[in-house]
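Novice: fold the stuff below for me.
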Amino acid sequence: MSRRLDNLRMTGKLVVIAVGMFAFGYALVPIYRAICEVTGINILALGEQQIPGRNRADPVNTQVDWSRTITVEFDTNVRGPWHFKPQVRSLEVHPGQLTTVMYEFQNVQNRTMAAQAIPSYAPRQAANHFNKLECFCFNQYTLAPGEKKEWPVAFVIDPKLPKDVKTITLSYTFFEVGAPTPPAPTASLAQPGGAS
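Specialist: Coordinates of the predicted model:
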């Protein structure tokens, strides 16, 4: 009988210890926050609270170089019967800042066409620092006669871009896939109102 009583006491003590450990673990986060606020240890959290208009739930991109501004120009070329242009011709961006630009496409032929875009960069050294996260240039697309589409380019310029580069030109050439690429138009052959 005394052994059974000892077992019940031991079980009771273990239950009290387990509940106490759970309560301590649950209270640890508020205790940590209170200590950090009083002592000023968590300086990063205090700095984020002081940003005007900042929602605390928004993640902070610490990779953005706010001290530099790069002008990004958007250039488009077509090989074949397409309308192709960016919604903006240039933007000012900070290195490390995620930026998205939309491009408009239209097949102006009376037949379905497949096409793809090839990017190029100026100056050439910018290519290694221009990181595209999403781009229509990654795939081929098929557009029906007269069909219009909009596709994004989401990019980040690496903060390691040399300091002397202040302007980057992103140029795309959009061409039909699976058909001969027409030659580039020349000034002597281009006539206004001529048949295509």
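
Novice: right, and residue 68 touches residue 95 too?
Specialist: Yes. Residue 68 is within contact range of residue 95, at 5.6 Å (criterion: CB atoms under 8 Å). Bear in mind the C-beta positions are built from the backbone N, C-alpha and C, glycine included.

Novice: what sits in contact with each of those two?
Specialist: residue 159 (CB atoms under 8 Å, 6 or more residues apart in numbering).

Novice: first-to-last residue distance for stretch 77-97?
Specialist: Stretch 77-97 has its terminal residues 26 Å apart, counting by CA to CA, to the nearest Å.

Novice: buried stuff in that stretch?
Specialist: Using 16 or more other CB atoms under 10 Å as the test for burial, stretch 77-97 gives 78-80, 82, 84-86, 90, 93-97.

Novice: and stretch 141-161, end to end?
Specialist: Stretch 141-161: ends 32 Å apart by CA to CA.

Novice: list the buried residues in that stretch.
Specialist: Under 16+ other CB under 10 Å, the buried positions of stretch 141-161 are 141, 143, 153, 155-157, 161.

Novice: can you tell me which two in those are farthest apart?
Specialist: 143 and 161 (34.4 Å; CB to CB).

Novice: could you point out which element follows the helix or strand bottoming out on mean pLDDT in the chain?
Specialist: Every helix and strand in the chain was compared by mean pLDDT, DSSP states H and E; the lowest is helix 43-49, with a mean of 44. Using DSSP states H and E, the next helix or strand after helix 43-49 towards the C-terminus is strand 70-79.

Novice: show me the contact partners of that following strand.
Specialist: So strand 70-79 is contacted by 84-86, 88-95, 99, 101, 103, 157, 161, 165-176, 181-182, 184 (CB under 8 Å, 6+ apart).

Novice: next, format the buried residues of stretch 141-161 as CSV and append distance to residue 23 and secondary structure.
Specialist: Shown next, in CSV, are the buried residues of stretch 141-161 (distance: CB to CB, whole Å; DSSP: H, G, I helix; E, B strand; the rest coil):
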residue, distance to residue 23, secondary structure
141, 59, strand
143, 63, strand
153, 52, strand
155, 49, strand
156, 45, strand
157, 50, strand
161, 52, coil
